[in-house]
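Novice: Got a sequence here, can you model it:
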Amino acid sequence: MTEGKYPFSSKVVQRSISLAVSAALLMTPLPALAADSIATSSTAKPAKDADANTAQNDSAYLHKGSPLSVGEHRLLSHKDLVADWDDIDPIYTPDKAIEAVKTALPEQDFEELFPYRLGSAEWHKVAKGKEYYKEDQADYFSYYNLIKAVADVSNLKIKISTRKGTTEQEIHRLDKEARVETLVMRSAKFNAKENLNKEIETVIVDCGTFLKEGFKRDRKRELAAFLANLSHETGGGWATAPGGPLRWGLFWNENIAGRTGQNMSTFVDPASRYEYPGARGKRYYGRGPIMLSWNFNYGLFSSIIYGDKSVLLKHPEIVSQDGKIGYMTAILFWMTPQAPKPSAHDVMVGRWKPNEAEKAKGLKAGFGASIMVLNGLEANLGETEGSPVQRRAGHYREITARMDVDITGEKVDTLGMEPF
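Specialist: This is a model prediction of the structure:
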């Protein structure tokens, strides 16, 4: 997996993704948003300074960041929303989000595609008596949880502000319904003296655009690609599994080594333990559809989802207990570009167009490019026996067929592709 150009934090904010739930975790920085599906770059407005006699003060206040402290909230007027967040688009609301899921994939089709998903009736039948079985396991990956997650995520905007030429950043989240802005992260050196004269480049992502951009066909393809990639990451099938291996997508939601205690690491990074302190007795191993791992990721995603970093730091088990929250972590990751990579969302809805350098690496639009966004280690792989791309593409073909979407001619593998 390739390293992004602009991590959320200069040192410690990273993400990890497992090739499969039982596989070793792969660590790379979680980059900041490099392109925006909706908005735009801007520089900070000059602030008033009583002492305007020195160039040092002029430059220091010219590019001052947010007036908020980390964790602090601000109720916005409509004027603020327009100036700072490009306003709120009524197209990207929770009710529209629910409609988008139901239009792309009705519940009955979802049920038939994922009969062995974690906590379903079929899962309980095959899991009973096994080491991992939980008698009270709820339907974690249910259609209801998917809809609720898409609706809740649609109420969020994320703004990433980066000092030009550095990796120093601020991250804000906006609760669109409440019109409340929260500063959720600021790099240690964002306002250091040497950076105050650097412009601030700002990117805004409206998470309500998930499944609601592009042609209807592209919206269906996006949901198919999203579920196909998650199904591979959480798959429990094997070659001779009842119904075939593709019936067993969404089977797991915890890293096996972490859950069983084979790996007893707390997954608390020393460099980030002050900003994102691990709670006593808690471990931050991979949980959820994207195997959210490490204290800083739990803290950051908690800040974005709840506006409070402490929720998931104190209770990391929420990610594996609450399917809605699990889906939300996956959607937020899906919507986040990783410089120099685009977001998987932009790839699937047709916004991303490969530049000359990307074309030289064999990168082209299609499901295969979404694989490259999520896991660059799966470069140059076809749909051959044993290839992880075979299962990803298999899920994608099956889901799009169920949606009655023709993907003839689409590049669905990564053969001939190099990492972004």
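Novice: From here on, just use CA atoms for contacts and neighbour counts.
Specialist: Fine.
Novice: Now the strand or helix carrying Asn145: average pLDDT?
Specialist: Element membership of Asn145 [criterion: DSSP states H and E] is helix 143-153. Averaged over helix 143-153, pLDDT sits at 98.
Novice: before we move on, what about stretch 401-410?
Specialist: 97.
Novice: Surely Leu313 touches Ala279?
Specialist: Yes: using C-alpha atoms under 8 Å as the test, Leu313 is close enough to Ala279 to be in contact (6.3 Å).
Novice: before we move on, back to that, report the buried residues of the helix holding Asn145.
Specialist: For helix 143-153, burial by neighbour count (16 or more other C-alpha atoms under 10 Å) applies to 143, 145-153.
Novice: Please produce JSON lines containing those, extended by distance to Trp238.
Specialist: Output for the buried residues of helix 143-153, formatted as JSON lines (distance: C-alpha to C-alpha, whole Å):
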{"residue": "Tyr143", "distance to Trp238": "24"}
{"residue": "Asn145", "distance to Trp238": "26"}
{"residue": "Leu146", "distance to Trp238": "25"}
{"residue": "Ile147", "distance to Trp238": "29"}
{"residue": "Lys148", "distance to Trp238": "30"}
{"residue": "Ala149", "distance to Trp238": "29"}
{"residue": "Val150", "distance to Trp238": "30"}
{"residue": "Ala151", "distance to Trp238": "33"}
{"residue": "Asp152", "distance to Trp238": "34"}
{"residue": "Val153", "distance to Trp238": "33"}
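Novice: In the chain, which residue is most central in space?
Specialist: Closest to where the C-alpha atoms of the chain average out (C-alpha atoms, centre = their mean) is Phe333, at 0.6 Å.
Novice: next one: phi and psi at that one?
Specialist: Main-chain dihedrals, Phe333, degrees, to the nearest 10: phi -70, psi -40.
Novice: Which pLDDT value goes with it?
Specialist: 94.
Novice: Mind jotting down where the strands sit in the stretch 101-250 of the chain?
Specialist: Assigned by DSSP state E, counting those that start in this stretch, the strands in the stretch 101-250 of the chain fall at 156-163, 169-175, 180-186, 200-206.
Novice: outside of the longest helix belonging to the chain, which residues touch it?
Specialist: Counting residues, the longest helix found in the chain (DSSP state H) is helix 216-233. Defining contact as C-alpha atoms under 8 Å, 6 or more residues apart in numbering, one finds that helix 216-233 is touched by 18-21, 101, 104-105, 211-213, 248-251, 289-290, 334, 345, 348-350, 367, 370-371, 388, 391-393, 395-396, 399-400, 403, 405.
Novice: Narrow those to those in helices?
Specialist: Filtering those for helices - DSSP H - leaves 101, 104, 334, 345, 348-349, 367, 370-371, 388, 391-393, 395-396, 399-400.
Novice: circling back: I'd like to know which elements the helix holding Asn145 is packed against.
Specialist: helix 94-104, helix 107-113, helix 323-334 (3 or more C-alpha pairs under 8 Å, 6 or more residues apart in numbering; DSSP states H and E).
Novice: Go again with 7 Å.
Specialist: Judged by 3 or more C-alpha pairs under 7 Å, 6 or more residues apart in numbering; DSSP states H and E, helix 143-153 is in contact with helix 94-104, helix 323-334.
Novice: No more questions from me, cheers.
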